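>>> With the sequence up front, the predicted model follows.
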Amino acid sequence: MATLLAITGSYRDEGIIDQAVAFAADAAARAGATVEVVQLRDYPIAFCRNCRQCTLTPGDAPGICVQQDGMQALIEKIEGADAIILASPTNFYSVTALFKRFMERLVVYAYWPWQMHGPEFRKKPPFSKKALVIASAAAPALLGRLFYSTLKQLRMTAKSIGATTVGDVFIGLAAGQPVTRLSEGQKRRIERLTRRLLA
């Protein structure tokens, strides 16, 4: 039985990102997967201190952060999952600050001793995990794909944790009314990509 972990950086309960992740989680559960959804807005993660202590130990296992918060437990969930969903709305052309804080704490997936000029990924391809990335924006989806960095950042997050992105969903025009609902076409795409994620 596959294990699916979804991590979302949305600020809004039941917003379009929450709806998309919930729909994907339901599709995965119907396909027989064990599913857990982590809402970063409710998860105890502090800001990275840039001390780099977690990056100094060699090997492909994530480093250990000096901070005693929820991040180590979340890393263990990531390591134990077969498939990952990474999701964030677009705020100011990018993932939300919530998701960015999580991204920065993923420095544990880098090996970077002091004498090196830049980090290297601990996880090397071919990756055993798969990822689906989901983003939204107030702009039309095509413009969001072309001009915003949200999908790029979500894909980089997947690569950092050792996952191959199998597809993406970008939901445009997500702020035209107080509550935007997933369209039938968006649901079909999410379901199709969730099946690919678990294949």
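Sure, I can see it. Residues are numbered from 1 along each chain as shown.
>>> Just confirm residue 189 contacts residue 169, I think it does.
Yes: Residue 189 lies in contact with residue 169 (C-beta atoms under 8 Å); the separation is 5.8 Å. For glycine as for every other residue, the C-beta is placed from the backbone atoms N, C-alpha and C.
>>> Next one: the residue nearest to residue 181 when sequence neighbours are not counted from residue 144, what distance?
In space, and not counting its chain neighbours, residue 181 is closest to residue 19: 7.0 Å by C-beta to C-beta, 6 or more residues apart in numbering. In this view, residue 19 and residue 144 are 17 Å apart by C-beta to C-beta, to the nearest Å.
>>> just checking, the residue nearest to residue 181 touches residue 183?
No: taking C-beta under 8 Å as the definition, residue 19 is not a contact partner of residue 183, at 10.7 Å.
>>> quick one, which of the two is more surrounded?
Using other C-beta atoms under 10 Å as the criterion, residue 19 and residue 183 rank with residue 19 on top: 20 against 10.
>>> Can you classify the more buried one as helix, strand or coil?
Taken by DSSP: H, G, I helix; E, B strand; the rest coil, the conformation at residue 19 corresponds to helix.
>>> can you tell me which residues contact residue 108?
Taking C-beta atoms under 8 Å, 6 or more residues apart in numbering as the criterion, residue 108 is in contact with 54-55, 62-65, 71, 75.
>>> closest to residue 42 among the residues you listed?
Taking C-beta to C-beta as the measure, residue 71 is the one of these closest to residue 42, at 14.1 Å.
>>> Grab the CA positions of stretch 90-108 and hand them over as CSV.
Output of stretch 90-108 as CSV, limited to C-alpha atoms (Å, rounded to 0.1, in the frame of the first residue of the first chain):
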residue,chain,number,x,y,z
THR,A,90,0.9,32.3,-5.4
ASN,A,91,1.6,35.4,-3.3
PHE,A,92,3.6,38.2,-4.9
TYR,A,93,4.7,36.0,-7.8
SER,A,94,6.0,33.2,-5.6
VAL,A,95,5.0,30.5,-3.1
THR,A,96,3.6,31.8,0.2
ALA,A,97,5.9,32.8,3.1
LEU,A,98,4.6,29.7,4.9
PHE,A,99,5.9,27.4,2.2
LYS,A,100,9.1,29.4,1.8
ARG,A,101,9.9,28.9,5.5
PHE,A,102,9.4,25.2,5.0
MET,A,103,11.6,25.2,1.9
GLU,A,104,14.4,27.0,3.8
ARG,A,105,14.3,24.3,6.5
LEU,A,106,14.9,21.7,3.8
VAL,A,107,18.6,22.7,3.9
VAL,A,108,18.9,19.5,5.9
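>>> Okay, buried residues for that stretch please.
For stretch 90-108, a neighbour-count test (16 or more other C-beta atoms under 10 Å) marks 90-91, 94-96, 98-103, 105-108 as buried.
>>> Grab the most central residue of the protein for me.
Geometric centre of the chain, nearest residue: residue 86, 2.3 Å, by C-alpha atoms, centre = their mean.
>>> That residue: what secondary structure?
The local conformation at residue 86, judged by three-state DSSP, is strand.
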